[in-house]
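K.L.:
the following comprises the amino acid sequence and a computationally predicted model.
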Amino acid sequence: MSKAQITVTFPDGVSRSYPKGTTVGEVLKDWGNIPPEDILAARVDGRLVDLSSVLSGNSKVEPLTFRDLEGREIYWHSSAHILAQAVQQLFPEAKLGIGPAIREGFYYDFDVPEPFSEEDLGRIEERMREIIRQNLSFQREEVPRPEAIRIMSERDERYKVELLEEDIEEETVSLYRQGEFVDLCRGPHVPSTGYIKAVKLLSVAGAYWRGD
Amino acid sequence: MRQRIYGISFPSEEELEAFLRRREEIERRDHRRLGKQLDLFSIQEDGGPGLIYWHPKGARIRTIIEDFWRREHYRRGYELVYTPHIAKVELWERSGHMAWFRESMFPPMEVEEQRYLLKPMNCPFHILMYKSKTRSYRDLPIRWAELGTVYRYERSGVLQGMLRVRGFTQDDAHIFCRPDQLEDEILGVLDLAEFMLTTFGYTEYEIELSVRDPEEKEKYIGDDAVWEQAEAALIRALEQKGWSYARREGEAKFYGPAIDIKMLDALGRGWQGPTIQVDFNEPERFDVTYIGEDGEEHRVVMIHRTVLGSMERFIGGLIEHYAGAFPTWLAPVQVVVIPIADAQVPYARKVAERLLDEDFRVEVDDRNERVGYKIREAEVQKVPYMLVVGKREVADGTVSVRRRGEGDVGRMSPEEFCERLRAEVERKVL
């Protein structure tokens, strides 16, 4: 085995070797036990990662699908990003709060001049379907914290800047982009917006953010 | 202005539709909504949050359940007791509650320079009664049950209908026994729990056995041998039932191992039901003993247990389990007699009296409304039987029987109908 090879172990105990630098998605496709379209992200040596992440050493790789709790959370978290993108396309003045997965589904908090109406929800949902049709890829980007603050300031995302300045201590942070949309986020995410097949917005409520 | 949008997504339209259908079903069964629609209970903000007002129909259901509960406990060798609602602070200090349960208790009140606390549990009271005289090994086991109303402080933000409340009535019992009786006593509680839950239509359970963390034995009171013996007794009892369970290491409270049973409802949701808790703490703190065969004093083994949990949570859960359509033996109103015209009102009343004589719960809808309207109304109120009486029924002394959700069952004599109802109630048909 050459120096540039790494050994990957799969959940069924099978081990195979790949050139160093192969992505998680590629090795799981090669393993072939689960249809590639069902694989949303992966657990590598216990850590949750994107399928696009690169393997640099011997690793234990497990696929995550919608059947797994973590898989569902990733699926719903990616859906929340699509929701935020749709809202900002329709309401450019909307500022982002946070948008996590919850026990059943997801939410996203926005700062807006007017409350959303039932009709708005329908339009936002329609725009989410449009974004899903475009199948935009979720791209991870690691940047120094000051750079992230600059990007979020430019977009006038006050709450994100506050998070970066007051809560986050890491020197490098990750951003996720899909199309023109960018969010501060640990990830991981599904590979692209097209992975989300059926979406429904359920309700809107007044939200209280930290410091209110 | 801050706005939160909630959403859901799935890998297929079918899964999304199934989710939305289930969500609607959960909404339809919500005990708060049905509690209002069926006039079962309310929460009065003027009286304070988290406190349940049982309206006559809700109280009917509760009475029937309590009567069933009492009868079943007497049958299985329990004695029923009543104890006060308040006790001196010193009692709660001795029991240890002031140290580890203080945050869940309402603040003390002062009377004649003595501070009292509302009870959050019944156990110290049962212990005081146990200690009112010397107990011999021949007196054990002693099984004392009480429908004990307790008060616990919960933050107002977490209160939820009948499920999270500040005052509730536990179907509590304490069993005082010898160590060699523990396994049989646990098995007896499991049998009782299974019988009662099955009667209400809960046939699937999720069972957890909470035991010590073997790595951190110093976190628990009571010595090794006592813990090992008790854990083994719980396991053997579960095995005798043939019930599978999840063993949760490190989940036991500091004072003893426990079995917790969740029952799955019509939608497959788990509800906290019976709990069986072995306690090495309070018998120690109160020096609870019995005189053994050897003439020496021995430490008693104490079990705390509930079967239904609390009347509030259990009946809240039942409302959702049955979607408000209580089986006939539990329905607050079992029969509505519906006269077609005013002329049949006297006959309708006579039929109702006949049913009342047999202790059935019956109403006459003598309002000046159309029959169709009255039938619909009775269906909305989820009354199991409607007896429609018109000219024909008066003439031949019969009633036309309609069953909730099924429609016409046929014409029969009031005697025949009583027979049918009696059989259904006696067998507690679901």
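P.N.:
Nice, I can see it. Residues are numbered from 1 along each chain as shown, chains lettered A, B, ... in the order given.
K.L.:
going by C-alpha atoms from here, please, whenever you check contacts or count neighbours.
P.N.:
Noted.
K.L.:
and the helix or strand bottoming out on mean pLDDT in chain B, what's buried?
P.N.:
Here the helix or strand of chain B ranked lowest by mean pLDDT, DSSP states H and E is helix B:97-100, holding a mean of 92. Buried residues in helix B:97-100, counting neighbours by 16 or more other CA atoms under 10 Å in any protein chain shown, are found at B:97-98.
K.L.:
next SSE after that helix?
P.N.:
Downstream of helix B:97-100, the first helix or strand assigned by DSSP states H and E is strand B:109-111.
K.L.:
and the helices in the chain?
P.N.:
Picking chain A for this. Counting by DSSP state H, chain A has helices at residues A:24-31, A:69-90, A:118-134, A:145-154, A:158-162.
K.L.:
sorry, I should have been clearer: chain B.
P.N.:
Using DSSP H, helices in chain B cover B:13-29, B:31-37, B:56-75, B:89-95, B:97-100, B:123-130, B:182-199, B:224-241, B:282-285, B:311-321, B:345-357, B:371-380, B:391-396, B:414-426.
K.L.:
which of these sits closest to chain A?
P.N.:
Proximity to chain A (CA to the nearest CA) singles out helix B:13-29 among the helices of chain B, at 5.3 Å.
K.L.:
just for the chain, where's the confidence low?
P.N.:
Going with chain A. A:1-3, A:208-212 (pLDDT under 70).
K.L.:
picking up where we left off before, any chance of the helices of chain B in a markdown table, plus distance to B:Pro214?
P.N.:
Converted to a markdown table, the helices of chain B look like this (distance: least, CA to CA, whole Å):
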| stretch | distance to B:Pro214 |
| --- | --- |
| helix B:13-29 | 41 |
| helix B:31-37 | 41 |
| helix B:56-75 | 36 |
| helix B:89-95 | 26 |
| helix B:97-100 | 22 |
| helix B:123-130 | 28 |
| helix B:182-199 | 22 |
| helix B:224-241 | 10 |
| helix B:282-285 | 22 |
| helix B:311-321 | 34 |
| helix B:345-357 | 60 |
| helix B:371-380 | 55 |
| helix B:391-396 | 73 |
| helix B:414-426 | 49 |
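K.L.:
and of the ones you listed, who's closest to A:Leu163?
P.N.:
A:Leu163 sits nearest to helix B:13-29 of all the helices of chain B, at 33.7 Å, using CA to CA.
K.L.:
right, is the strand ranked longest in chain A up against chain B?
P.N.:
Determined from DSSP state E, the single longest strand within chain A is strand A:198-206. Yes. Against chain B, strand A:198-206 shows contacts by CA under 8 Å from any CA of the partner chain at A:198-206.
K.L.:
spit out the contact partners of the residue most central in space within chain A.
P.N.:
What sits nearest the mean C-alpha location of chain A, by CA atoms, centre = their mean, is A:His189, with 3.1 Å. For A:His189, the contacting residues are A:40-41, A:49-50, A:74-75, A:77-78, A:138, by CA atoms under 8 Å, 6 or more residues apart in numbering or on different chains.
K.L.:
what parts of chain A come near chain B?
P.N.:
Counting by CA under 8 Å from any CA, chain A sits next to chain B at A:66, A:75-76, A:79-80, A:104-116, A:195-209.
K.L.:
ok, and the closest non-adjacent residue to B:Ala323?
P.N.:
Closest residue in space to B:Ala323, ignoring its immediate chain neighbours: B:Arg29 at 4.7 Å, by CA to CA, 6 or more residues apart in numbering or on different chains.
K.L.:
for that neighbour, the count of nearby residues, please.
P.N.:
By the measure other CA atoms under 10 Å in any protein chain shown, the count of residues near B:Arg29 is 21.
K.L.:
check contacts around it.
P.N.:
Here B:Arg29 is in contact with B:319-324 (CA under 8 Å, 6+ apart).
K.L.:
any of those buried? List them.
P.N.:
Taking 16+ other CA under 10 Å as the criterion, what is buried in these is B:319-324.
K.L.:
what about the closest residue to B:Arg411 other than its chain neighbours, distance to chain A?
P.N.:
In space, and not counting its chain neighbours, B:Arg411 is closest to B:Ser400: 4.3 Å by CA to CA, 6+ apart. Using CA to the nearest CA, to the nearest Å, one gets 45 Å for the distance from B:Ser400 to chain A.
K.L.:
and B:Ser400, what does it touch?
P.N.:
Contact partners of B:Ser400, counting by CA under 8 Å, 6+ apart, are B:387-389, B:393, B:408-412.
K.L.:
from the contacts of B:Arg29, which two are the most distant?
P.N.:
Once CA to CA is applied, those give B:His321 and B:Gly324 as the farthest pair, at 7.8 Å.
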